[in-house]
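[1] Return a 3D structure for these sequence lines:
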Amino acid sequence: MLGHKFLILSAISVSIVTFYLTTNASTVIFSDGFESDFSDWTGNDSKWDISGTSSTTGVHSGLKRAQVTGATEPGDDVLLKNISTSTNQGIILEFWYRIYKGLEDEDHVYVEWTGDGSDWNILNDFTALGDSATWEFASYSIPAEANDRSNFAIRFRAQLGASSSDIFYLDDVAISASSIPESMPVSTSQTTPMPEAISTPGPTITPTPSTTPMPPTPTPTLTSTPTPSPKPSLSSLPSSILTTPIPSKTLTPILTPISTITSSPKPNQHNLESSNTDKDLTLASQSSEPDPNLSASISSFFNNSKFFWLIGIMVLAVVCSLAKPKKD
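    All right, here's what the predicted structure looks like:
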């Protein structure tokens, strides 16, 4: 599966590269190495000539070169080439040059182009340059206004002062362009409409109603949260309730053991008095008005270790008094 995807991606990549190279490949529409004369050019002034040399560095390629030598005539010395760029775009001008004896500030060699044959545009101005030790390469991409022009032209226009020392050498001039791709033709064929599908009626299925009724959705009932009532305090109770005697059961468990200890099979007057005292204490506790802090005070008193010592001393005193023989 992975190899299949790789082959598909490779085919797509090759197609894209092929399309790019086909639509963007430049083609040379004009070239001249000046090996014979200026017959391939539209025109040249007398100051332009073709020369040869025995020096290996005298030409860029071949055996000859073009050159322009000062002083110029009252008009400029021009080397002109008209060439149509119809159905072409991406115009590029390339050439090799070399300067002999240098060019001063007043010396100029202009490289120019036109799209209509009358309005010229400067690509470069060779001026104030020293001697060229070797041949140098120049390349210019001409603006899109030069695309698809029947009156396209280039020219080298020289303005040189010295008659023998100002020389500009030129060799291997080439103009290249890429073809304008033709627009894709619009297909005029009409597509045959697909026949509509004929639907065959089938048996009608009647849904059986469900006998089980859907339970109603319960509606949530809002329940109010009761507000807790404040607990009444003793101070807020009616006076009738506060004055009602409440039987106290707190002292009973404590006093009962004492009465049990003090009881004797032989009743005497002291026992009777002790019993009466217990009854009086009970009645007094029942008839006493309840104190809100009584329970807390008694609980705190019982929890104190001194209470047990006091009870023990009282019990010991009672036992000693009972054990003492009574005189008649």
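[2] All the strands of the stretch 101-250 of the chain, residue numbers only.
    108-114, 121-126, 136-141, 153-159, 167-179 (DSSP state E, counting those that start in this stretch).
[3] Now do the third one, average pLDDT.
    This means strand 136-141. Across strand 136-141, the average pLDDT comes to 98.
[4] in stretch 170-182, what's buried?
    170, 171, 172, 173, 174, 175, 176, 177, 178, 179 (16 or more other Cβ atoms under 10 Å). For the C-beta atoms, the positions are set from N, CA and C on the backbone; glycine is no exception.
[5] Including distance to residue 317, could the strands of the stretch 101-250 of the chain go into TSV?
    Converted to TSV, the strands of the stretch 101-250 of the chain look like this (distance: least, Cβ to Cβ, whole Å):
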stretch	distance to residue 317
strand 108-114	144
strand 121-126	140
strand 136-141	134
strand 153-159	147
strand 167-179	137
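[6] Please work out which of these is packed deepest.
    strand 153-159 (a mean of 22; mean count of other Cβ atoms under 10 Å).
[7] Quick one: residues contacting residue 103.
    Contact analysis of residue 103 by Cβ atoms under 8 Å, 6 or more residues apart in numbering lists 109, 126, 127, 128, 129, 160, 166, 168.
[8] Ignoring the adjacent residues along the chain, who's closest to the third one?
    The reference is to residue 127. residue 108 (4.8 Å; Cβ to Cβ, 6 or more residues apart in numbering).
[9] for the first one, same thing?
    Excluding the flanking residues, the one nearest residue 109 by Cβ to Cβ, 6+ apart is residue 126, at 4.2 Å.
[10] correct me, but the one you found touches residue 102?
    No - the pair residue 126 / residue 102 is not scored as a contact, 10.9 Å apart, by Cβ atoms under 8 Å.
[11] Counting neighbours, what do you get for residue 106?
    Neighbour count of residue 106, defined by other Cβ atoms under 10 Å: 11.
[12] Skipping its backbone neighbours, what lies nearest it in space?
    residue 161 (5.7 Å).
[13] And the helices in this structure?
    For the chain, applying DSSP state H gives helices covering 2-24, 239-243, 252-262, 269-287, 294-302, 305-323.
[14] Comparing those helices by mean pLDDT, which bottoms out?
    Ranked by mean pLDDT, those end with helix 252-262 at the bottom, a mean of 42.
[15] any idea how far residue 97 lies from residue 121?
    19 Å (Cβ to Cβ, to the nearest Å).
[16] just residue 157 next, same as before
    12 Å.
[17] what sits in contact with each of these two?
    Contacts common to residue 157 and residue 121, judged by Cβ under 8 Å, 6+ apart, are residue 112.
[18] Isn't residue 83 up against residue 175?
    Yes - between residue 83 and residue 175 there is a contact at 6.3 Å, judged by Cβ under 8 Å.
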